[in-house]
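> from the sequence below, what's the structure:
(one chain, ligands or ions: 1)
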Amino acid sequence: FYMKHIRNFCIIAHIDHGKSTLADRLLEHTHTITSREMQAQVLDDMDLEREKGITIKSHAIQMNYVYDGTTYIFNLIDTPGHVDFSYEVSRALAACEGALLLVDATQGIQAQTISNLYLAIDNDLEIIPVINKVDMDGAMIAEVKDQIMDLIGCPEEDILLASGKTGLGVEEVLQAIIRRIPPPKGDPEAPLQALIFDSVFNSFRGIIAYYRVYNGVIRKGDQVKFVNTGMEYEADEVGTLKLGLNPKEQVGTGNVGYIITGIKNAKEVKVGDTITLAKRPCEKAIKGFEEVKPMVFAGIFPVNTEDFEELRECMGKLQLNDASLVFEPETSQALGFGFRCGFLGMLHMEIIQERLEREFNQSVITTVPNVSYFAYATNGQKLTVNNPSEMPDPSRLARIEEPFIRAQIITLPEYIGSIMTLCLNKRGMLKNQSYLTPTRVELTFEMPLAEIVFDFYDRLKSLTRGYASFDYTPLDYRESDIAKMDILLNGDTVDALSALIHRSRAQDFGRKLCLKLKELLPRQQFQIAIQAAIGAKIIARENISAMRKDVTAKCYGGDISRKRKLLEKQKEGKKRMRQIGNVEVPQEAFLAVLKLE
Ligand code: GTP
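This next block holds a predicted model:
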């Protein structure tokens with residue numbers, strides 16, 4: 001094959017605009033998969049992905065498309081839709097020459113349509129706008145066309161109409177890919193330079209890295225070097241990506257392929273790194289490599305303290321598989337031994353927790369998530385604080401900085417008021433307001449990351465009945481009045497419930513948390529005082545009055561087996577309780593903070 005017959009492209013879209021469904025149609029139409037192999041959304045091959053209906057990891061697949069007697073190679077790189085994974089999107093885009101910009105005909109342009117479009121433009125991609133789901137009753141084709149023309153300044157005839165459901169327009173999309181997306185450039189004679197845009201973990205074969213070759217050729221048996229990590233490996237197997245792996249002797253300039261080197265640790269394979277040859281290395285790494293930084297931190301503890309070693313093993317395995325998970329051991333008086341973990345965002349945190357439970361059969365307690373702060377001590381020392389327990393004593397503290405983000409919200413004009421209220425409440429500052437079309441407005445805020453970590457997105461959705469989309473990018477760190485708030489039960493601090501919070505919020509937060517705990521803690525045989533405190537100052541308090549509890553009381557009469565059952569049940573329940581001083585705390589109390597109104 002000649003390079004001029006290769007097309008590398010991706011599909012970018014707001015979440016749920018039909019990317020995976022359209023990809024399925026392209027695969028079907030090019031006979032890449034037979035109808036027997038066809039199942040809904042073949043690219044989402046993780047169980048969890050199917051269930052959540054979202055693409056977590058990017059994947060790539062090669063199709064052969066015959067047009068006018070010529071066979072073309074199409075490499076489709078699938079990208080995740082959620083903001084937590086935007087670094088992976090940007091690397092996947094860097095591996096392409098073009099992008100299908102998919103817009104749902106019933107939804108129009110949304111926040112991630114725009115942020116992904118900007119990423120694509122930054123990477124000099126040729127954009128093919130496609131209005132999808134035109135089969136639906138609510139399709140607003142003329143209006144969405146206007147939006148797209150306004151946004152990218154293209155003529156109307158450049159916009160394709162398609163339906164991933166009925167297959168309408170799929171042939172036009174395939175032809176547009178040939179005609180409009182340029183073939184890759186590159187020098188086959190130059191030293192190897194390949195960009196890693198994704199990797200997956202396979203329990204039999206180790207890490208499989210996906211790359212796009214910019215220059216040179218990668219051959220089976222080559223001694224390769226990863227430029228940013230400096231590590232060298234032998235290429236045990238290289239090939240292209242069909243529905244499965246398709247081993248080849250070599251993968252040439254402009255093409256997309258995989259490499260297996262026997263690496264077992266996901267940390268050694270970094271998305272954005274450059275592969276070259278050990279003997280004849282390229283001069284420079286491909287630009288744009290970044291270490292992925294966790295944004296949200298929380299503790300993960302085993303429900304049963306004796307399962308700590310098992311949990312450690314599982315976390316290790318999960319990390320082999322997901323290099324963006326970071327963790328280190330931490331101890332909590334309340335929860336025993338566990339791990340402080342860093343996540344890309346709340347969705348990533350949920351996914352990790354679910355994978356631990358489903359794939360590894362671990363029952364875990366996750367503590368209050370927080371962002372990462374900078375604390376400057378009076379002696380000038382700068383500390384990174386990922387855990388409330390690491391916050392220096394106020395007497396030694398000069399100032400604290402917290403991370404800020406730029407938030408972009410696209411909505412209908414009638415919701416501007418309530419969105420403003422929400423964002424100002426979350427310490428946001430309105431930076432810009434602009435009408436994309438008369439019925440679609442874009443609001444830009446600068447806000448503390450901590451304020452969107454919790455329930456921001458859900459609130460935004462319910463405030464606007466779903467007519468708002470949201471995206472954010474990290475900005476900088478700014479000085480802020482952050483306090484450490486502790487929860488005390490009968491005078492004993494529950495370290496797992498401590499939180500770092502803006503001082504203006506502390507009282508309200510403390511009051512709500514005390515109330516919630518009052519609901520969640522069972523009555524005991526003595527009174528329990530629940531207090532929220534900043535340092536020595538109590539800022540909120542609730543009491544749970546004493547009760548004499550006899551679970552067997554209601555089994556009057558002699559049914560001894562029933563009585564025993566109840567007692568056993570109570571014992572089982574106890575295992576899930578944690579003792580704080582003299583107070584027994586059920587597991588769900590540690591999650592109280594996530595359930596605050
Ligand atoms: P993420 O992977 O989460 O970003 O979503 P996606 O963009 O891949 O969307 P997906 O393909 O999962 O489609 C979202 C929903 O829209 C699914 O319920 C699809 O069945 C439906 N859908 C997709 N394309 C069409 C279409 O052309 N017509 C109709 N009627 N429904 C569609």
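> list the residues that contact Ile528.
489-490, 521, 543-544, 583 (C-beta atoms under 8 Å, 6 or more residues apart in numbering). C-beta here means a position set from N, CA and C on the backbone, and glycine is covered the same way.
> ditto for Gln193
213-216, 274-276, 282, 286.
> show me where the protein dips below the pLDDT cut-off.
Scanning the chain for pLDDT under 70 picks out 1, 34-58, 80-84, 548-576, 594-595, 597.
> quick revisit: who wins on neighbours among the contacts of Gln193?
Ile275 (28 neighbours; other C-beta atoms under 10 Å).
> and it, helix, strand or coil?
Following DSSP: H, G, I helix; E, B strand; the rest coil, Ile275 is assigned to strand.
> same check, this time on Ile207
Ile207 - assigned by three-state DSSP - is strand.
> list the contacts of it.
199-201, 260-261, 263-266, 268-269, 320.
> ok, now Gln223?
Gln223 sits in contact with 232-235, 277-279, where contact means C-beta under 8 Å, 6+ apart.
> and the next element down the chain from the helix or strand where Lys484 lies?
Assigned by DSSP states H and E, Lys484 falls within strand 482-489. Toward the C-terminal end, the helix or strand that comes next after strand 482-489 (DSSP H and E) is strand 492-493.
> residues in contact with stretch 140-152?
So stretch 140-152 is contacted by 101, 103, 105-106, 108-109, 114, 117, 127, 129, 131, 134, 154-156, 159, 161, 436-437, 439-440 (C-beta under 8 Å, 6+ apart).
> which among the residues you listed count as buried?
101, 103, 105-106, 108-109, 114, 117, 127, 129, 131, 134, 154, 159, 161, 436, 440 (16 or more other C-beta atoms under 10 Å).
> what's across from Gln223 in the sheet?
Beta bridges link Gln223 to Glu234 when assigned by DSSP bridges.
> tell me the spacing between it and the ligand.
38 Å (C-beta to the nearest ligand atom, to the nearest Å).
> mind listing the helices for the stretch 151-300 of the chain?
170-180 (DSSP state H, counting those that start in this stretch).
> can you list the residues of it near the ligand?
Counting by C-beta under 6 Å from any ligand atom, the residues of the stretch 151-300 of the chain close to the ligand are 163-165.
> neighbour-wise, give me the winner out of those residues.
Neighbour max across these (other C-beta under 10 Å) = Gly164, 24 neighbours.
> what sits against that one?
Contacts of Gly164 (C-beta under 8 Å, 6+ apart): 18, 21-22, 24-25, 132-133.
> between those, identify the one with the most neighbours.
Asn132 (31 neighbours).
> pretty sure that one is touching His17, no?
Yes - contact criterion C-beta atoms under 8 Å: Asn132 and His17 qualify, at 6.1 Å.
> any idea what Tyr211 is bridged to?
Ile196, Gly257.
> oh sorry, the question was meant for Ser434
Here Ser434, judged by DSSP bridges, has bridge partners Glu442.
> so it touches Ile416, yeah?
No - taking contacts as C-beta under 8 Å, Ser434 lies outside contact range of Ile416: 11.7 Å.
> looking at these two, which one has more neighbours?
Neighbour totals were compared for Ser434 and Ile416, and Ile416 leads with 16 against 9 (other C-beta under 10 Å).
> what do Asn132 and His17 both touch?
102-104.
> secondary structure for those - can I get that in a markdown table?
Converted to a markdown table, these look like this (three-state DSSP):
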| residue | secondary structure |
| --- | --- |
| Leu102 | strand |
| Val103 | strand |
| Asp104 | strand |
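> the closest residue to Val583 other than its chain neighbours: what's it in contact with?
Setting aside the residues directly before and after it, Val583 is nearest to Leu489 in space (C-beta to C-beta, 6 or more residues apart in numbering), at 4.4 Å. Leu489 makes contacts with 521, 528-531, 580-581, 583, 585, as judged by C-beta under 8 Å, 6+ apart.
> tally of neighbours for Thr493?
Neighbours around Thr493, by other C-beta under 10 Å: 17.
> any idea how far Asp124 is from it?
55 Å (C-beta to C-beta, to the nearest Å).
> got it, and Glu313?
45 Å.
> burial measure for Val200, as a count.
19.
> residues contacting the residue nearest to it when sequence neighbours are not counted?
Once flanking residues are discounted, Val200 sits nearest to Ile208: 5.2 Å by C-beta to C-beta, 6+ apart. The neighbours of Ile208, taking C-beta under 8 Å, 6+ apart as the test, are 199-202, 245, 258-260.
> what do you get if the cut-off is 10 Å, keeping everything else the same?
Ile208 is in contact with 198-202, 237, 239, 241, 245, 258-261, 263, 269, counting by C-beta atoms under 10 Å, 6 or more residues apart in numbering.
> I'd say Ile452 and Ala407 touch.
Yes - between Ile452 and Ala407 there is a contact at 6.8 Å, judged by C-beta atoms under 10 Å.
> and for the two, which residues touch both?
In contact with both Ile452 and Ala407: 423, 426, 428, 445, 460, 470, 472, using C-beta under 10 Å, 6+ apart.
> from what I can see the fourth one touches Asn425, true?
Think Phe445. No - the criterion here is C-beta under 10 Å, and Phe445 misses it with Asn425 at 11.4 Å.
> which one's more surrounded, these two?
More neighbours surround Phe445 than the other of Phe445 and Asn425, with 24 against 11 (other C-beta under 10 Å).
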